[in-house]
Structure formats: C-alpha cells, structure tokens
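Undergrad: here's a sequence, model it:
(chains A and B)
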Amino acid sequence: MKGRFRFIFIGFMLTFLAAWIGLVVLPVWGLGNFKQTPDPKTGEMIPPEFTALEERGRDVYIANGCIYCHTQQVHSARNRTDIVRGWGKRRTVARDYMNHGVAQLGSMRTGPDLSNIGVRNPSETWQLLHLYDPQITSPGSIMPPFRYLFTEQPIGSDGTSADAINLSGENAPREGMEIVPTEKAKALVAYLQALKLSEYEIPEAAAARIDSKIIDSEIK
Amino acid sequence: MSTPDPAASEDIESEEAQRERSLQERLKVDRAARWPVGIFIASSIGWLVFGSLIALIASIKLHDPEFVADNAWLTFGRVRTVHLNAVAYGWLSTVAIGIGLWVLSRLCRVPIEDHRSLALAAILWNVGNGVGIWGIFRGDSTGVEWLEYPTYAAPFLLVSFTFVILTAVNLIRKRKPGHIYISQWYIMAAFFWFPALYFTAHGLLILAPVQAPAQPPINWWFAHNALGLWFTPVGLGTIYYLVPKIIGRPIHSYYLSIIGFWSLAFFYAWNGMHHLIGGPYPAFLITASVVASVMMFLPVITVAINHQLTMFGHFKALIYSPTLRFVIFGAMSYILVSFQGSLMAIRSINNLTHFTHYTVAHSHLGAYAFASMVFFGGIYYIMPRILEREWPSRWLIRLHFWPCAIGIIIYFVMLSWGGILQGIAMNRGEMPFMEIIKTTMPYLKWRSIGGTLMTIGHIAFMASFIWMVIDRRKQGSEPTLFAKRTTQDTPATNASDS
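TA: Numbers count the residues shown, from 1 in each chain, chains lettered A, B, ... in the order given. Here you go, the predicted model:
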C-alpha cells in the first residue's frame, strides 16, 4: 500500500501540469513577446513607451487600488456597449498593453473604463479637481476623494502658485492658503493623460476596428 | 448453550481492547496537534474578525465615499484589498492549514512529530500575513489582483509553508497500514497544488514579471484556482471527514468520491480564463476555461450526490450538532456556488454579469457560504478534541450561526440582484454611467447590513473561542449541543468519543 500514494501523487502532478502548460506556458510563449511597430502614417514606434513621470503615476494608480473599480479594456460591441459609450474607438488587443509593466486590466466596473481616458478627458485641471473631490466635477459619484494627494500651503508673496487648483464654495481653502497637488497627484494625472490604448494603428487593431464597424452596423 | 463460548468472549474482549487502543491513539494524535493546530486556528479567527471589520469600512465607503476619506491607509482601494488578503490568506488559508493537518494526522493515525517547529511555522505564517497587510496599507501593493502582498512578505510565507508540506508528507509516509481515505487525497493534493500555484504566479507576475499582455491569463488562473485547488479541496476533504464521523455511518459511495476527486483535479485546473471573456485575448484560450467550467458540473454533481445521500435520513442531527449545521450549510452552498459558477462562465450569461457586483456576490457564496462555513464546523469539531474541554456556551454558538447565516443570505441575494440590474443598465449604451451607479445604491447599502450581521457572528465566535481557551471548568463535561440528541445513532460529538 505504501506505493499506492505515489501513483496518486503522480496523478496530482499530471493533471496540474496539463493545465499549467495550457494556461501558463502557452500565454507566456504566445502573448509575452510583443514588439513595437512603426505607425503607418508618422513612422513613430507604437504603442509608445511611458515616460518616467507616467510610470511613477502608474505606481500611484497601483498603490491606491484604482484597478478595483476601473477596468482598462475596451470590449467589442458584440460583448459590451463600450464603443457606444465612447470608451474607445476600437476594442483593445493584447499588444496595446506591451509597455504596461504591471497589467491593470481589472475585473470590476464600479466606475467607467479608463483605457482611453487620456483622449476622453485630457484636461489636467479637470482630472485634478476630480481627484480632489469627485463631487465637484461628477455629482453623485461614489469615487473616494483623494485629498491626501494634495497639500495646503500659505499663498506666497508673489501670489497664488501656478499649479494651485481652483476651489470654490465649501471646498475653498482657508484665507491666505492654497491647495496644490503633490508630486504623486501630478504623476497620476500624467499617467491618466497617457492612457490612449485604442488610438494607435497597430496592424491587428485594424482588424479589431473592422470587426467593431461590422457589429456596429449590425446593431443599428 | 448454557456455558458461554470461550472463543466468542475472547473476541469481545479483543474488540474492547482494540477500541481502547484506538482511543489512546487518537488522544496521542490530538495532543500532538494541540499547539500547532491550535495556533493556526486561533490566529485564523483573529484574521477573520480583522478582515470583517475592514470589509465593513470598505462596504460603507461604497455608499458613503466621505467615510474616513482623508487617511491614505483607509482609502477604498487599500481597505478592499486588505480585506481580500486578510480573509484569503489570514483566515481561509490559515484555518485550511490547521484543519487539513489535523484531519491528515487523524486519518494517517500518526501524531505530528515535530510539533514545536510546526508551531513556530504557524507563528511565521502570521508574521508573513502581518507584513503583507502592513505593506498594502502603506501603498506597497504589487498591483496584481489576489497577489497584492509586497515581495518582502513572501519569504515568511514560503518558509512556513515548506514546514507545512514537510509535516504533511511525513504524516503520509508514516501512516498506519490500511485504506487511504478520500479526505487524505483532497488535502494532500491541496497542500501540493497551492504552493505550485502561488509560486508560479508569484514568480511570473512579481519576481520576474513576463510582458504585461501575458500577465492577466496567469493572474486569473491563479486567482480562480486559489479557490478551486486550495480552499475547495480542503473544504471537501473536511466535509468527507466530518459528516460520516458525526452521523456515524460511512460515505455513500467510495467510487463516486474517486470520480469526484479526479474530475475536479482535471477540470478545475483549466479554469480562470473565463474572467477575461471579451478581453484582448484569443478566443481559444478563453474557450478552454469556459469548457472546463461547464465540465465542473461532473465533479460537483458527483460530490453533491455523495454528500447528500450520506446525510439522507439523518438530517435530524442538524437540530443538535453545531458542527453538522455549519458543515451542511457549507456543503449545500458548494452545490449552489458551483452550478452558478459554471453558468456564469458561459459567454451569453457572462455578458450580463461580468464587471458587476453579481461576481462579488458569487465569490462570497464560494469563499464564505461554502468554505468559511465548512471551516467553522471544522473548528467546532476539532477544538474540544485538542483542548480536551467543551465549548462554553450553546448560546454563543447560536449567536455565531444565525447572524452569519442570515447575513450571508442577505449579502448574496441583494448584491446578486443589484448586480443583475447593474449588468442590464451597463448593456444599454445610451444610459449615462451615473444612472448605473444610482441603480446599484440600495443594494450596496444592503451589503453593509449583511456584512454587519456577519461581523456580529464573528465577534461572538471569537468571544466563544477565547472563553473556551481561558476557562478550564468545561473539562470533560458533556458536549455542547444545540439540543438533546434525538436520533438512534450514537454520533461522535464529545471529546473522548470520535
């Protein structure tokens, strides 16, 4: 009987190994070696890499768990109404994420998708106000305020700082004070402005776009 | 016929002697398990209460975003993550190790040999969890869902789990001759699968990350199978051990349990990619998991038939046995959550439920109504045996069971309903996003109510546990049952008789 458990154990390993090859080795081999490609119009390499500032912004995005309410994946019209909502021109494809470091695809849409937030809402002022208190720009939102990414400081002798955010009403700072974003808030906004996943003309995206157009016409 | 047959009386004597021997054997097993298993279980309850309180903060924040909003440590994205990790690794994994090792030790009829080292490993496991939770609070999360503990927490967990595996392998190697019971299969497999999953995912996603597009498949393979190949097999192994023990009859079918085991091993491991339906991945990859998910009907139906037919005719025991009540609640939830999960993997249904609170409700049905409830039952059974004293109060056990049972039902029903409405709204492209949020609001509040009830139950449980550990008066007394036994069988419910 001693030997019998050895056979059972080999069974544990083999069943596991089969799935391990299919769902770990295969994705790493097939989806883990993407290269940039030149843009057919401008010749620039796409999808572009993030700048150092934007990468610091991604760290802030991760540290504060934005992923738990916001996805970064546009689905085709067959699956979802993402394209109708203006969340992206086309569905996202695997290569769009090649420079993302830690993929932030997400699994929950308590808030809207952010794949193309840099296109949909490029304004730095809007993004900072929205982070400071979402109720200012989006009344009724259940997003938490990120006031801890801002600091209050006395207004200097040469007037309000250039990067102070413009707050009024009950959010207004105390007399003689101003609210400025910290480096973290600035980096986060730079990262959000750089999220334009559906904007780049990589070859497989063309197919994805045709797919969306056909389905769009089907739906209409 | 007037003189008794000497051979027969000898047989009776040897039977009694045998019973005495196996009683002594069990006492040895339970005494060796006292410290290590006791520490795993005690600390898991601490994590459970901590995880529930943090969950309440997260839940309230979803309908009241200004609630403790100005502290970076308590922002939604961090408390939600702390909750997940505290309950998945602090509570469920810790209690799974404790119960798993005890059941193995009982079934192998071998006392845990190096119980001092194992007790140290239990402490180390908790240090690892503590460091990981602290890391998430201060903003060092890795950003990988279900693996958020920063890298510096992993060595503690690695060293500790290595001890756990060595202990388990040692028990199996030294086991007394005889039949290998199905619980041993499940628990041994889980002790092998979980580290294999964890260190594959940790290695490829965090230590030496693969290119970002390849990460989500590995991520969801891990996250789904943390439930499927870790909590589920330990939970099922526990049910297979406890139900026959308590009602005093063997499992319905040996062959069904074998089919159930191997089909689970084969199909569950292929799950996970259905979390990426509609995402930027090749259809064949996702379809593999959809097929495997639907095939999960096979092990689930097999196990369901086997568990419920074993119970058949003995449901009256639910009236008096606390262990059985928790375990059967869990076993029935397992059937429900598995059927639901298989259906949710089908593309047309997933199209409605994906990205909504419906999925959150589903995962709580699995991790709480099934796994946690079974482990509660396990703790009620094990603690009197390793401490050799009884639970202090049946009222505290009731105060544990009812709020938790009602709480999870409210949580599941309301959040599922809210999730369906959310999914319908999300699939109507013309509906403004803020309207979707308004639709879900009442259900998010119901979640806080369900969660509060569950937290009350957990605090009662912790109080009951602490009271039991401190108060020695309940030594050797009658078992603490909800009511007097009514059935004819002589179920094993007190410390000396199992």
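Undergrad: quick one: pLDDT of the residue of the stretch 1-150 of chain B found nearest chain A?
TA: Nearest residue of the stretch 1-150 of chain B to chain A: B:G77, at 2.1 Å (C-beta to the nearest C-beta). Any C-beta I mention is one placed from the backbone N, CA and C, and that applies to glycine too. For B:G77, the model assigns a pLDDT of 97.
Undergrad: any idea how many residues pack against it?
TA: Around B:G77 there are 24 other residues, counting by other C-beta atoms under 10 Å in any protein chain shown.
Undergrad: test my guess that it contacts A:G65.
TA: Yes: counting by C-beta atoms under 8 Å, A:G65 is a contact partner of B:G77 at 2.1 Å.
Undergrad: show the pLDDT at the residue in chain A that chain B sits nearest to.
TA: Closest approach between chain A and chain B, counting by C-beta to the nearest C-beta: A:G65, at 2.1 Å. At A:G65, the pLDDT value in this model is 97.
Undergrad: dump the residue contacts of it.
TA: A:G65 makes contact with B:75-78, B:80-81, B:141, according to C-beta atoms under 8 Å, 6 or more residues apart in numbering or on different chains.
Undergrad: how about a cut-off of 10 Å?
TA: Contacts for A:G65 (C-beta atoms under 10 Å, 6 or more residues apart in numbering or on different chains) come out as B:75-82, B:136, B:139, B:141, B:143, B:145, B:148.
Undergrad: a markdown table for these, including distance to A:A19 and secondary structure?
TA: Below are the contacts of A:G65 laid out as a markdown table (distance: C-beta to C-beta, whole Å; DSSP: H, G, I helix; E, B strand; the rest coil):
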| residue | distance to A:A19 | secondary structure |
| --- | --- | --- |
| B:T75 | 36 | coil |
| B:F76 | 34 | helix |
| B:G77 | 31 | helix |
| B:R78 | 32 | helix |
| B:V79 | 33 | helix |
| B:R80 | 29 | helix |
| B:T81 | 27 | helix |
| B:V82 | 30 | helix |
| B:I136 | 29 | helix |
| B:G139 | 34 | coil |
| B:S141 | 27 | coil |
| B:G143 | 25 | coil |
| B:E145 | 19 | coil |
| B:E148 | 24 | coil |
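Undergrad: shared neighbours of B:G77 and A:G65, which are they?
TA: Here B:G77 and A:G65 have B:136, B:139, B:141 as joint contacts, going by C-beta under 10 Å, 6+ apart.
Undergrad: dump those residues to CSV, plus distance to chain A, pLDDT and neighbour count.
TA: Output for the shared contacts of B:G77 and A:G65, formatted as CSV (distance: C-beta to the nearest C-beta, whole Å; pLDDT from 0 to 100; neighbours: other C-beta atoms under 10 Å in any protein chain shown):
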residue, distance to chain A, pLDDT, neighbour count
B:I136, 9, 98, 27
B:G139, 4, 96, 19
B:S141, 6, 97, 27
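Undergrad: just give me the closest of those to B:W35.
TA: The closest of the shared contacts of B:G77 and A:G65 to B:W35 turns out to be B:I136 (C-beta to C-beta; 29.6 Å).
Undergrad: wait, the closest one touches B:Y152, no?
TA: No: B:I136 sits out of contact with B:Y152 when judged by C-beta atoms under 10 Å, with a separation of 11.9 Å.
Undergrad: ok so, going back, buried among the contacts of A:G65? Need that as a selection in PyMOL.
TA: Applying 16 or more other C-beta atoms under 10 Å in any protein chain shown to those leaves a buried subset, and the PyMOL line that selects it is:
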select buried, chain B and resi 75+76+77+78+79+80+81+82+136+139+141+143+145+148
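Undergrad: what residues does the residue of the stretch 1-150 of chain B closest to chain A make contact with?
TA: Applying C-beta under 10 Å, 6+ apart, one finds that B:G77 lies in contact with A:61-70, A:144, A:146, B:58, B:61, B:136, B:139, B:141.
Undergrad: mind redoing it with 8 Å?
TA: Neighbouring residues of B:G77 by C-beta under 8 Å, 6+ apart: A:64-69, A:144.
Undergrad: for B:F266, which non-adjacent residue is spatially closest?
TA: Closest residue to B:F266 apart from its sequence neighbours, by C-beta to C-beta, 6 or more residues apart in numbering or on different chains: A:T15 at 5.0 Å.
Undergrad: center of chain B, which residue is that?
TA: Chain B has B:A371 as the residue nearest its centroid, 3.1 Å off, counting by C-alpha atoms, centre = their mean.
Undergrad: tell me the pLDDT at it?
TA: Listed pLDDT for B:A371 reads 98.
Undergrad: distance of it from chain A?
TA: Using C-beta to the nearest C-beta, to the nearest Å, B:A371 is found at 20 Å from chain A.
Undergrad: ok, how many other residues are close to the closest residue in space to that residue that isn't next to it in sequence?
TA: Spatially, and ignoring its direct neighbours in sequence, B:A371 is nearest to B:F231 (4.4 Å; C-beta to C-beta, 6+ apart). Per other C-beta under 10 Å, the neighbour tally for B:F231 reads 25.
Undergrad: how about low-confidence regions in the chain?
TA: You didn't pick a chain, so chain A it is. A:1-3, A:208-220 (pLDDT under 70).
Undergrad: was after chain B, sorry
TA: In chain B (pLDDT under 70), the answer is B:1-13, B:476-477, B:486-498.
Undergrad: and it, what are its domains?
TA: Annotated domains of chain B cover B:27-178, B:314-498 [automatic domain parsing].
Undergrad: chain A too?
TA: Following automatic domain parsing, chain A resolves into domains at A:1-33, A:41-219.
Undergrad: so for the shortest one, what gets flagged as buried?
TA: For domain A:1-33, a neighbour-count test (16+ other C-beta under 10 Å) marks A:5, A:8-9, A:11-12, A:15-16, A:19-20, A:22-24, A:26-28, A:31-32 as buried.
Undergrad: how far does that domain sit from its chain's centre?
TA: Remark: domain A:1-33 is offset 33 Å from the chain centroid, using C-alpha atoms, centre = their mean, to the nearest Å.
Undergrad: measure stretch B:71-91 end to end?
TA: With C-alpha to C-alpha, to the nearest Å as the measure, stretch B:71-91 spans 25 Å from end to end.
Undergrad: which other helices and strands does the longest helix seen in chain B contact?
TA: Longest helix of chain B, by residue count under DSSP state H: helix B:6-63. Here helix B:6-63 touches helix B:76-85, helix B:94-108, helix B:115-137, helix B:373-387, helix B:433-470, going by 3 or more C-beta pairs under 8 Å, 6 or more residues apart in numbering or on different chains; DSSP states H and E.
Undergrad: what angle sits between it and helix B:76-85?
TA: 180 degrees (axes from the mean of the first three to the mean of the last three C-alpha atoms, to 10 degrees).
Undergrad: just want the angle from helix B:6-63 to helix B:373-387.
TA: What separates the directions of helix B:6-63 and helix B:373-387 is an angle of 130 degrees, with the same axes, to 10 degrees.
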